[in-house]
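Asks: predicted structure and sequence below. I'll ask about it afterward.
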Amino acid sequence: MVCRSGPKAAGSGYMGSDEANPRFSNWNGNVAFTPDLLRRPTDLPSLVETVSAATEQGQSLHVIGSGWSYGDCPSADNVMVCLSDMVPSSGTSPQINYVVQNGNVLTDEWNSQQEFGTHKLVHYPAGIKLSALVADLASHALTLPTMGGSNGQALGGAISTSVHGGDWQQPPLCEIVQAVHLIGAGGQEFWIESASKPLTRHDRNNAALLGVLPCSTTKVIRDDNVFNAVRVACGRFGVIYSVVLAVVPQFRVVQLVTNPSKDSVLAALRSGQGSMSLFTPLLRMLALGDAAFGLTDAVGVPYFFQIMLNSQRPTDVWVTRRWTTPSIAAGGLPDLRSSVDATGDTLNALRQPLVALAQAALLGAALPTAGVASAIGAGVAGALLGPLGSLLVTGWSAQAASSVTQLCVELTALLVADASLGEIAAAAVNALWQVPGAGYAVADIEKMLIDSNIPGGKKSRGFYADITAGAPASYYKADSIEVVFDAATGDYLDFLDEILAIAPVFPQAGYISVRPSLPSTALLSMHNVSSRLRTVSIEVASLKDLAGNGPWMWYVEQRAIAHNGRPHWGQMNTLDAHKVAMMYTGLNEWREALYRVNGAAPVFSNAYSRQRGLEPEGIIRRVTCVVVENGAITHLGNGGQYWSPIPLHQAVDEIILGRVIYVAQLGNNVPVVLSATRHGRIGGGFMLDVASVSVLQKLPTCHYVKAPTVEAGPVGFPPR
């Protein structure tokens, strides 16, 4: 039984609002969604009811968070669920306390950590935005140890796509998760945590935990593979209702942005390859001139660093570093904000200069190399007749002159219409690409935007979350792809060299950034790298709606994959099942975990997951023993696996349906894939073929009994 509210009825049942055939898009506006139904439950039983009903009616269901993803990751044809109404309104803390505030539920290790350790447990609904989460944590003098460069994402989405920062001694956000409260197929609730480092006590069949969870029929899974699978799953496991996080005391940072040469930065990164101190040469080189900036607390090893390059003029380089700095109460220096800060007023003030720069380049490109008299004549005609007069006097055809003039007029019209800086910049760049000789100014526009769009400014000091995320006014709409590499190899540097050389050829306008972090243990995290040393992410972004963005993004993705990079789940990517299988060695374990939780239920499947092979199909299981009764094999087994021993008829069903591939191996011989064949002429079923049975008969007998479990097993098999 699941703890569902029941359908909506007068005064009882489902609590929330429904909207038929809504039209909405992601934040960037590049993907539109039109599901049959948008549901906004306001409590947990109503969320369970929503998932239960969709499962029973054979509908697809997916959660839409803040729409921060660049792809169709959150889409569903039938039912989309928004969790924002399940987060308490302002003035009330959204924290959930029934687990983390109960010492009888937590393990002794976590009780000790809560009292004496550096990390504190908090429990939040997955629908909360990171901005609200950070604000609530701050009210308790706590903060996240890492976050991306913005805070508009929903918590569940940020975790599920392995959002990360440039905090190079910190892993991505999914690594601070200690437990997941999941609503799976059929509305079944799951509490999932690690087995090697459990959060809660498991004695007396989880009595303490089940005694405080809202639904007593919640299935508890303590398993590292399942925990490592569900944390980064792009919504395919179900609806994440809430998560327990390990956060840290609030701290401050001091930030410095410098402009070293591209060659010195790349050379320093190259010199660190092959050592355990990958970034030491770079950090030492950057530190040489820091004293001149007068930030006495910007010393030592930084907490964060990022390298950003102008994609149209890669010699323009910005390196951002942040160091932890004492609180004011502990004698630290006061907060500091640079005069150049990415605030709304500062950015809006750039609209006029940007248009002026673009118009000057457009008109300047129309002036041929001529004598002083021609220039004077153009100036007089321009004063009397406007831009068109200047172009006509300097020898341009009426058609060309009219075209350039029209571009200038359209940019002025955007100013008058109070268009955003991002919209004006995109229009200006598109105009510049249309006029031969004017494109040189695109790099200047990029430099202007990057210079003015540094969260916190070039010299700043304040709370980590405030400096890191910047202000919403600084979030430009863009096309963006991000790719993560194993930093222990030179792949990311080879890729960087390649795209920096060719980037100016493409009619795009944006940046290329480089950010390091620690790896992740989540099976499908882009940061789960084999070296376990460091990862490097390279983000390539270009102002939205530029004509050259499509070819540029495609080229970057293909070359990144060729250099062993993994595209970010939440940014633009065109991955297919083959590429995903080649990139992620843990995909089989991930699929097995998905099958363990939801069986073959398709309710959370969507176009995104099917294209990328994130489905419970083609799972490979190794058979090491068999159960024999009355001379016949009745079960297949593998000690320690949750599915073992499995009835033979169920294994045959899975083979026929293509869900599971069973493999048996005798000694050092080549593994044998078990196959099934139809038996009987009329109405016959399937059974293992003779060759498969012959191999199984040579395996040892299973000498163990499957342990009882409180979790759900696979569903979707025909009854026997």
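Replies: On my side now, so go ahead.
Asks: in the protein, which residue is closest to the centre?
Replies: residue 161 (3.1 Å; C-alpha atoms, centre = their mean).
Asks: any weak-confidence spans in the stretch 351-500 of the chain?
Replies: 366-400, 470-475 (pLDDT under 70).
Asks: what ranges do the strands span in it?
Replies: 459-463, 478-486 (DSSP state E, counting those that start in this stretch).
Asks: ditto for the stretch 201-350 of the chain
Replies: Under DSSP E, counting those that start in this stretch, the stretch 201-350 of the chain gives strands at 219-222, 239-249, 252-258, 304-310, 317-325.
Asks: can you give the contact residues for the first one?
Replies: Contacts of strand 219-222 from elsewhere in the structure, counted by C-beta atoms under 8 Å, 6 or more residues apart in numbering, are 188-195, 198, 202, 206, 209-210, 227, 596-597, 710-712. All C-beta spots, glycine's among them, are computed from the backbone N, C-alpha and C.
Asks: which among those residues end up buried?
Replies: 188-194, 198, 202, 206, 209-210, 227, 596-597, 711-712 (16 or more other C-beta atoms under 10 Å).
Asks: quick one: buried residues of stretch 297-313?
Replies: Those would be 298, 302-313, for stretch 297-313 by 16+ other C-beta under 10 Å.
Asks: what about the helices in the stretch 201-350 of the chain?
Replies: 203-212, 224-230, 262-272, 280-287, 344-348 (DSSP state H, counting those that start in this stretch).
Asks: tell me the helices and strands packed up against the longest one.
Replies: When you say that, I think you mean helix 262-272. helix 280-287, strand 317-325, helix 491-502 (3 or more C-beta pairs under 8 Å, 6 or more residues apart in numbering; DSSP states H and E).
Asks: want to try TSV for the strands of the stretch 201-350 of the chain, with distance to residue 698 and mean pLDDT as columns?
Replies: As requested, the strands of the stretch 201-350 of the chain are arranged in TSV below (distance: least, C-beta to C-beta, whole Å; pLDDT from 0 to 100):
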stretch	distance to residue 698	mean pLDDT
strand 219-222	34	97
strand 239-249	45	97
strand 252-258	63	96
strand 304-310	58	97
strand 317-325	61	97
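Asks: adding distance to residue 110, write these out as JSON lines.
Replies: Putting these into JSON lines (distance: least, C-beta to C-beta, whole Å) gives the following:
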{"stretch": "strand 219-222", "distance to residue 110": "13"}
{"stretch": "strand 239-249", "distance to residue 110": "9"}
{"stretch": "strand 252-258", "distance to residue 110": "27"}
{"stretch": "strand 304-310", "distance to residue 110": "28"}
{"stretch": "strand 317-325", "distance to residue 110": "25"}
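Asks: so what's the residue nearest to residue 20 when sequence neighbours are not counted up against?
Replies: Of all residues not flanking residue 20 in the chain, residue 37 sits nearest, at 5.9 Å (C-beta to C-beta, 6 or more residues apart in numbering). Neighbouring residues of residue 37 by C-beta under 8 Å, 6+ apart: 18-21, 78-80.
Asks: mind redoing it with 10 Å?
Replies: Shown in contact with residue 37 (C-beta atoms under 10 Å, 6 or more residues apart in numbering): 18-22, 50, 54, 59, 61, 76, 78-81.
Asks: from the contacts of strand 219-222, which ones fall inside strands?
Replies: The strands, defined by DSSP state E, take in 189-193 from the contacts of strand 219-222.
Asks: tell me how the protein divides into domains.
Replies: Following the assignment in automatic domain parsing, the chain carries domains at 108-249, 345-452, 619-696.
Asks: most tightly packed of those domains?
Replies: Stretch with highest mean neighbour count among those: domain 108-249 (a mean of 21; mean count of other C-beta atoms under 10 Å).
Asks: if I look at residue 17, how far off is residue 37?
Replies: Per C-beta to C-beta, to the nearest Å, residue 17 is found 11 Å from residue 37.
Asks: what is residue 515 paired to in the beta sheet?
Replies: residue 537 (DSSP bridges).
Asks: that one: neighbouring residues, count only.
Replies: Using other C-beta atoms under 10 Å, residue 515 has 24 neighbouring residues.
Asks: residue 610 too?
Replies: Residues near residue 610, counting by other C-beta under 10 Å, number 14.
Asks: tell me the spacing between it and residue 255.
Replies: 43 Å.
Asks: what do you get for residue 418?
Replies: Residue 418 is 31 Å from residue 255, by C-beta to C-beta.
Asks: quick one: which of the strands of the stretch 201-350 of the chain is nearest residue 426?
Replies: Closest approach to residue 426 among the strands of the stretch 201-350 of the chain (C-beta to C-beta): strand 304-310, 16.4 Å.
Asks: quick one: strands adjacent to that closest one?
Replies: Strand 304-310 has the following strand partners under DSSP bridges: strand 317-325 (antiparallel), strand 510-517 (antiparallel).
Asks: pick the most buried one from these.
Replies: Buried most deeply of the strands paired with strand 304-310, by mean count of other C-beta under 10 Å, is strand 510-517, with a mean of 24.
Asks: now that strand and helix 491-502, what's the angle there?
Replies: 170 degrees (axes from the mean of the first three to the mean of the last three C-alpha atoms, to 10 degrees).
Asks: could you dump strand 510-517 to PDB, C-alpha only?
Replies: In PDB, the C-alpha atoms belonging to strand 510-517 read as follows (Å, rounded to 0.1, in the frame of the first residue of the first chain):
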ATOM      1  CA  GLY A 510      30.500  34.300 -26.200                       C
ATOM      2  CA  TYR A 511      33.200  32.700 -23.900                       C
ATOM      3  CA  ILE A 512      35.100  29.500 -23.300                       C
ATOM      4  CA  SER A 513      35.500  28.800 -19.600                       C
ATOM      5  CA  VAL A 514      37.600  26.200 -17.700                       C
ATOM      6  CA  ARG A 515      36.700  25.100 -14.200                       C
ATOM      7  CA  PRO A 516      38.100  22.300 -12.100                       C
ATOM      8  CA  SER A 517      36.500  20.200  -9.300                       C
END
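Asks: now that strand: mean pLDDT?
Replies: Regarding strand 510-517, the rounded mean pLDDT is 97.
Asks: residue 527 is nearest to which of the strands of the stretch 201-350 of the chain?
Replies: Per C-beta to C-beta, nearest to residue 527 of the strands of the stretch 201-350 of the chain: strand 304-310, 15.9 Å.
Asks: what sits closest to residue 127 if chain neighbours are left out?
Replies: residue 83 (2.8 Å).
Asks: thought residue 128 was touching the one you found, still the case?
Replies: Yes - under the criterion of C-beta atoms under 10 Å, residue 83 makes contact with residue 128 at 8.4 Å.
Asks: what's residue 692 in contact with, if anything?
Replies: Counting by C-beta under 10 Å, 6+ apart, residue 692 has contacts 623, 633, 652, 655, 662, 664, 672-677.
Asks: got phi/psi on it?
Replies: The phi and psi values for residue 692, taken as degrees, to the nearest 10, are phi -70, psi -40.
Asks: quick check: residue 435 vs residue 575, distance?
Replies: From residue 435 to residue 575 the distance is 37 Å (C-beta to C-beta).
Asks: repeat for residue 156
Replies: Distance from residue 156 to residue 575, by C-beta to C-beta: 21 Å.
Asks: kindly report the same for residue 559.
Replies: Applying C-beta to C-beta, one obtains 15 Å for the distance of residue 559 from residue 575.
Asks: okay, these two: which has more neighbours?
Replies: The residue with more neighbours, out of residue 559 and residue 575, is residue 575; 19 against 16, by other C-beta under 10 Å.
Asks: please report how far the more buried one lies from residue 613.
Replies: From residue 575 to residue 613 the distance is 9 Å (C-beta to C-beta).
Asks: contacts only, for the spatially closest residue to residue 142 that is not a sequence neighbour.
Replies: In space, and not counting its chain neighbours, residue 142 is closest to residue 247: 4.9 Å by C-beta to C-beta, 6+ apart. Going by C-beta under 10 Å, 6+ apart, residue 247 touches 119-122, 124, 133-134, 137, 140, 142-145, 176.
Asks: which members of these occur in strands, if any?
Replies: Judged by DSSP E, the subset of those located in strands is 120-122, 124, 142-143.
Asks: tell me where the model's unsure across the stretch 51-200 of the chain.
Replies: In the stretch 51-200 of the chain, residues with pLDDT under 70: 68, 90.
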